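Student: Show me how the following folds:
(one chain, ligands or ions: 2)
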Amino acid sequence: MKKLRRSMLFLPGSSAAMLSTAFIYKPDSIMFDLEDAVSLKEKDSARLLVFHALQHPMYKDIETVVRINPLNTPFGLKDLEAAVRAGADVIRLPKTDTPEDIYQLEREIVRIEESCGRPVGSTQLMAAIESAVGVINAVAIARSSQRLMGIALAAFDYVMDMQTERGDGTELFYARCAVLHAARGAGIDAFDVVYADINDEAGFLKEVDLIKRMGFNGKSLINPRQIEILHNAYAPTQEEVDYAERVIAAAEEGERNGFGVISLNGKMIDAPIINHARVVIERKNASGIRQ
Ligand SMILES: CC(C)(COP(=O)(O)OP(=O)(O)OC[C@H]1O[C@@H](n2cnc3c(N)ncnc32)[C@H](O)[C@@H]1OP(=O)(O)O)[C@@H](O)C(=O)NCCC(=O)NCCSC(=O)C[C@@](O)(CC(=O)O)C(=O)O
Ligand SMILES: [Mg+2]
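Tutor: Ligands and ions are numbered 1, 2, ... in the order given. A predicted model of the protein is given here:
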């Protein structure tokens, strides 16, 4: 079954307290940050903390992602060495502007995997797109490596680059569509932006409803309180599950009787509708029923 990636919880790599407890909140993936959540004077100590956390048994059963600093900074390559050697599942490259950024990252990863005895190809990648140039190049970025499991839009740097600010989502409309189409065209996952106001549950839920409807696999999060709200919103309602089960039963009966298209209570049921019904059942199996 495909790996569920609804929630990716960011936490500052410099926070020993958060590193030692984050797994209890059960996000789909944990994202240890070595970039913007870590001050310059803590870069080295945060890298060491994350290196040790990655090897701890508490993180063996959860997908681990490390957001390194860009490779053109004094920290990027050291972050990458530490994360790959410690066995991170995924490296998140921030501020990815071009496919060349990913080619360069992949060359370094191959070198590190070979030198530490990790199977070549076992470290996955995700690219965070945080600028107009990145959005324009999203299709090429999404197709740049077999290791890419997804691409993410990063709103705060993106709106700065666009000379605007976070608002009702209008400012992200084009970028969300571009990132989503690039990901789907490449057959990889698409992740939406962080929602910064952790006390605004209604605003968060509104944004989650929108991105789920658009087709994003999930979202980067910054606080454990956002996890359950997100998972619940991604779960189908009892009504949706009941309808999906009726569609599948009607389709199976139609197939037994040799019909390609059938009707259920006056509504046409054909292949895409049957496939969607199967997706609803898969979502129920993965996320339960919406509360
Ligand atoms: C916001 C706040 C300070 C609030 O703290 P508060 O303490 O007020 O929160 P409370 O809810 O009271 O915490 C209750 C309990 O949960 C624990 N707890 C909280 N958060 C936890 C967590 N994340 N992981 C595990 N544990 C956690 C806490 O320790 C406490 O534990 P305990 O004391 O034991 O009860 C805190 O959440 C936090 O630091 N978040 C992460 C921030 C971060 O990583 N930013 C970087 C990524 S964005 C970026 O860079 C922009 C981007 O690049 C994005 C892109 O690329 O997509 C772009 O361009 O857009
Ligand atoms: Mg950023």
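
Student: List the buried residues for the helix or strand Ala244 falls within?
Tutor: Using DSSP states H and E, Ala244 maps to helix 238-256. Neighbour-count burial for helix 238-256, counted by 16 or more other C-beta atoms under 10 Å, picks out Glu240, Val241, Tyr243, Ala244, Val247, Ile248, Ala250, Ala251, Gly254. No exception for glycine: its C-beta is placed from N, CA and C like everyone else's.

Student: Can you give the strand pairings for the next helix or strand after it, parallel or anti for each?
Tutor: Downstream of helix 238-256, the next assigned helix or strand under DSSP H and E is strand 262-264. Each strand paired with strand 262-264, and its direction, by DSSP bridges: strand 267-269 (antiparallel).

Student: what's next to the strand it pairs with, contact-wise?
Tutor: Val247, Ala250, Ala251, Gly254, Val261, Ile262, Ser263 (C-beta atoms under 8 Å, 6 or more residues apart in numbering).

Student: Okay, the residue lying closest to the fourth one once chain neighbours are set aside and Val208: tell me how far apart.
Tutor: It refers to Gly254. The shortest distance from Gly254 to any non-neighbouring residue, by C-beta to C-beta, 6 or more residues apart in numbering, is to Ile262 (3.8 Å). Distance, Ile262 to Val208, by C-beta to C-beta, to the nearest Å: 34 Å.

Student: So for the two, which sits in the more crowded spot?
Tutor: Neighbours were counted for Ile262 and for Val208 using other C-beta atoms under 10 Å; Val208 has more, 23 against 18.

Student: Check the secondary structure at the more buried one for me.
Tutor: When classified by DSSP: H, G, I helix; E, B strand; the rest coil, Val208 comes out as helix.

Student: Nearest residue to the middle of this protein?
Tutor: What sits nearest the mean C-alpha location of the chain, by C-alpha atoms, centre = their mean, is Phe191, with 4.1 Å.

Student: Grab the nearest non-local neighbour of it.
Tutor: Excluding the flanking residues, the one nearest Phe191 by C-beta to C-beta, 6+ apart is Ala152, at 3.8 Å.

Student: From the contact counts, what lies against the helix or strand where the one you found lies?
Tutor: Per DSSP H and E: Ala152 is located in strand 148-153. Other elements packing on strand 148-153 under the criterion 3 or more C-beta pairs under 8 Å, 6 or more residues apart in numbering; DSSP states H and E are strand 124-129, helix 138-142, helix 173-186, strand 189-192.

Student: can you put the ones you listed in CSV and add mean pLDDT and distance to ligand 1?
Tutor: Output for the helices and strands packed on strand 148-153, formatted as CSV (pLDDT from 0 to 100; distance: least, C-beta to the nearest ligand atom, whole Å):
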stretch, mean pLDDT, distance to ligand 1
strand 124-129, 98, 5
helix 138-142, 98, 14
helix 173-186, 98, 11
strand 189-192, 98, 8
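
Student: Domain map for the protein?
Tutor: Domain segmentation of the chain under the TED database yields 7-234, 238-287.

Student: can you tell me the distance between the two ends of the longest one?
Tutor: Criterion C-alpha to C-alpha, to the nearest Å; first-to-last residue distance in domain 7-234 is 10 Å.

Student: And that domain, how far out from the chain middle?
Tutor: How far domain 7-234 lies from its chain's middle: 7 Å, per C-alpha atoms, centre = their mean, to the nearest Å.

Student: Which positions in this protein make contact with ligand 1?
Tutor: 9-12, 17-18, 21-22, 33, 36-37, 94, 128, 130, 152, 154-157, 193-194, 198, 220, 222-225 (C-beta under 6 Å from any ligand atom).

Student: for the stretch 1-150 of the chain, what are the low-confidence residue spans?
Tutor: Across the stretch 1-150 of the chain, the stretches falling below the confidence threshold (pLDDT under 70) are 1.

Student: Quick one: name the residues of it near ligand 2.
Tutor: Glu130 (C-beta under 5 Å from the ion).

Student: Quick check, the residue in the stretch 1-150 of the chain closest to ligand 2?
Tutor: Residue nearest to ligand 2 within the stretch 1-150 of the chain (C-beta to the ion): Glu130, separated by 4.9 Å.

Student: burial measure for that residue, as a count.
Tutor: There are 24 residues near Glu130, going by other C-beta under 10 Å.

Student: With Asp270 instead?
Tutor: Count around Asp270 with other C-beta under 10 Å applied: 13.

Student: Can you name the residue of this protein nearest to ligand 2?
Tutor: Asp157 (3.8 Å).

Student: distance of that residue from Ala46?
Tutor: 20 Å.

Student: The two: which has the busier surroundings?
Tutor: Ala46 (26 against 16).
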